[in-house]
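A.B. asks: Fold the stuff below for me.
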Amino acid sequence: MEFNMNKVLCFLLSIFFLFCFGCANIHKASLSGEIDKVLVYIQNKGDLNVRDKKGNTPLMYAVSSKNIRLMDILISNGADVNINNKKGQTALDMAYKDNYFEGFKLVLEHGADPESMKNKAAYDLESKSAYSKLLQEYFLYNKILNNMEKNADIFDMYFSMYSNGYYRKQIEKAFKQFIKNDFDNIAAQAEKQGFDNFINTYSKMGKNYYLVTTGSLNIRNGYSTETESVGNYSRGDKVYAIDEQDDWIRTDKGWINRNYTKQVLKEIPFVHQYIEKVSKLMENKFEKPNITEEHKRPVFSQKKTIKHNPELETNAQDQPAVDTKKNSKPTAIQKELDSVLADASMKALEDFIQKYKNNAEYASFVETARKKYKSILLGN
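C.D. replies: Numbering: from 1, shown residues only. Modelled structure (predicted):
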């Protein structure tokens, strides 16, 4: 009976506390940062997800007060980070709106749904580039850590794009285990094909990051100037090549022309040491493998599918122009060029340039074709 009486007394005290303190007061305490009052409320099992007339929760008010310690206390004790108020805002939205980066990061890492941020206008997110970058990094981090996607390519993308990312230590730990497991598997099988595949896969890492070098470069939904333009990059933007086709690179946004980018080499952790381990295993079991320096460290490596022809866009000032009035031959080539320009396509211009680029007599016509090629490429 005494035990039951104690339970009854505790219950009555809790009711008395909640009656005196009131739900409205937990919102006020959260907004003013009165941690002691919030802790008493928690000890008395108060509802941390209770909403006021605006639909706001104590966590939302902690975000508004920019009190990271209080936010952490509320979240650790069960505050829901994904509740919407009457305006449809979550704690993540409010942290973004109030430009509270530390709070934004905290709720994101405690399960806030980042999908809601995709509804933000692109220009709005870009105006707060730190938030945009964190969101993009978090999407990759979340994929890797939750085993949604785990392969060499996604690790390469993360380390290339976020050399000093917020989650680098966690990703390094995951990648260390990933490459070790891969190595252990091929070492146990001890087959030459497995060794070769390992070296080919990991030697490509660190070579797929590019710097945009032109002032305005169109992003397209296909690898051709004939496809629709879906946006643009500016000089200084950095992109990761998910795929490559001819002179085009596919990023997460679309296709851009490779000739207007510069490769930025990245050092990927653990790769060098594991490639060396595999080469030693191959040397002991088979013949000495053909491991070049480009396998050991990231160096520029052209893929066979890429036809890098910078002369298609560069000036031909080293080739003297010809006076067409003194030579009858350019009359025919002028007609050919006019025909190409009348219905200009990248393929037709490429063919024309390749056909006449080594003939100094036709330098002026080649230069005209190059300018048109560049104009199409940049969407001018």
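A.B. asks: Just the CA trace of stretch 268-288, in CSV.
C.D. replies: Coordinates of each C-alpha in stretch 268-288 appear next as CSV, following Å, rounded to 0.1, in the frame of the first residue of the first chain:
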residue,chain,number,x,y,z
ILE,A,268,42.2,9.5,-51.6
PRO,A,269,43.1,8.0,-48.2
PHE,A,270,44.4,4.4,-48.0
VAL,A,271,44.3,3.8,-51.8
HIS,A,272,48.0,4.1,-52.4
GLN,A,273,49.0,1.6,-49.6
TYR,A,274,46.4,-1.0,-50.8
ILE,A,275,47.5,-0.8,-54.4
GLU,A,276,51.1,-1.4,-53.2
LYS,A,277,49.9,-4.4,-51.2
VAL,A,278,48.1,-5.9,-54.2
SER,A,279,51.1,-5.3,-56.4
LYS,A,280,53.3,-7.3,-54.0
LEU,A,281,50.8,-10.1,-53.8
MET,A,282,50.7,-10.3,-57.6
GLU,A,283,54.5,-10.2,-57.8
ASN,A,284,54.8,-13.1,-55.4
LYS,A,285,52.1,-15.3,-57.0
PHE,A,286,52.2,-14.2,-60.6
GLU,A,287,54.6,-12.1,-62.7
LYS,A,288,55.5,-8.6,-61.6
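A.B. asks: What are the structural domain limits within this structure?
C.D. replies: 2-119, 209-263, 310-377 (automatic domain parsing).
A.B. asks: Start and end of the shortest one, how far apart?
C.D. replies: Distance across domain 209-263, first residue to last, is 6 Å (Cα to Cα, to the nearest Å).
A.B. asks: With stretch 178-198 instead?
C.D. replies: End to end - Cα to Cα - stretch 178-198 spans 12 Å.
A.B. asks: now that stretch, how far from the chain's geometric center?
C.D. replies: The chain centre lies 29 Å from the centre of stretch 178-198; the measure is Cα atoms, centre = their mean, to the nearest Å.
A.B. asks: do stretch 254-266 as well
C.D. replies: Using Cα atoms, centre = their mean, the offset of stretch 254-266 from its chain centre is 15 Å.
A.B. asks: what's the straight distance from one end of that stretch to the other?
C.D. replies: Across stretch 254-266, first to last residue, Cα to Cα, it's 22 Å.
A.B. asks: shift numbering so it begins at 24
C.D. replies: New numbering, starting at 24: the last item is stretch 277-289.
A.B. asks: Tell me who's in contact with the nearest residue to residue 173 once chain neighbours are set aside.
C.D. replies: The shortest distance from residue 173 to any non-neighbouring residue, by Cβ to Cβ, 6 or more residues apart in numbering, is to residue 167 (5.9 Å). All C-beta spots, glycine's among them, are computed from the backbone N, C-alpha and C. Contacts here follow Cβ atoms under 8 Å, 6 or more residues apart in numbering; on that basis residue 167 touches 173, 177-178, 181, 194, 197.
A.B. asks: repeat that with 7 Å
C.D. replies: Counting by Cβ atoms under 7 Å, 6 or more residues apart in numbering, residue 167 makes contact with 173, 177, 181, 194, 197.
A.B. asks: Buried residues, the strand or helix carrying it. List them.
C.D. replies: Element membership for residue 167 (DSSP states H and E) is helix 152-168. Burial within helix 152-168, assessed by neighbour count using 16 or more other Cβ atoms under 10 Å, is assigned to 154-155, 157-161, 163-164, 167.
A.B. asks: Flag whichever of those residues scores worst on pLDDT.
C.D. replies: Minimum pLDDT for the buried residues of helix 152-168 is recorded at residue 155 (83).
A.B. asks: Now the residue nearest the centre of the chain: closest residue in space, sequence neighbours ignored.
C.D. replies: When Cα atoms, centre = their mean is applied to the chain, the residue found nearest the centroid is residue 159 (5.3 Å). The shortest distance from residue 159 to any non-neighbouring residue, by Cβ to Cβ, 6+ apart, is to residue 184 (7.7 Å).
A.B. asks: on that earlier part again, out of the buried residues of helix 152-168, flag the one nearest to residue 98.
C.D. replies: residue 161 (16.4 Å; Cβ to Cβ).
A.B. asks: Next up, the contacts around the closest one.
C.D. replies: Residue 161 touches 131, 137, counting by Cβ under 7 Å, 6+ apart.
A.B. asks: Now do the residue nearest to residue 190 when sequence neighbours are not counted against residue 203, distance only.
C.D. replies: Spatial nearest neighbour of residue 190, excluding adjacent residues (Cβ to Cβ, 6+ apart): residue 164 at 4.3 Å. With the distance defined as Cβ to Cβ, to the nearest Å, residue 164 ends up 20 Å from residue 203.
A.B. asks: what's the answer for residue 215, then?
C.D. replies: Taking Cβ to Cβ, one finds residue 215 at 21 Å from residue 203.
A.B. asks: Nearest residue to residue 55 in space, ignoring adjacent ones along the chain?
C.D. replies: Nearest residue to residue 55 in three dimensions, chain neighbours excluded: residue 88, at 6.9 Å (Cβ to Cβ, 6+ apart).
A.B. asks: Now that neighbour, what are its backbone angles?
C.D. replies: phi -80, psi 0 (degrees, to the nearest 10).
A.B. asks: Hmm, it is touching residue 58, no?
C.D. replies: No: using Cβ atoms under 7 Å as the test, residue 88 is too far from residue 58 to be in contact (10.8 Å).
A.B. asks: quick one on the thing from earlier: which residues does the residue nearest to residue 190 contact?
C.D. replies: 190, 193-194.
A.B. asks: in a helix, that's where residue 224 is, yeah?
C.D. replies: Yes: counting by DSSP: H, G, I helix; E, B strand; the rest coil, residue 224 falls inside a helix.
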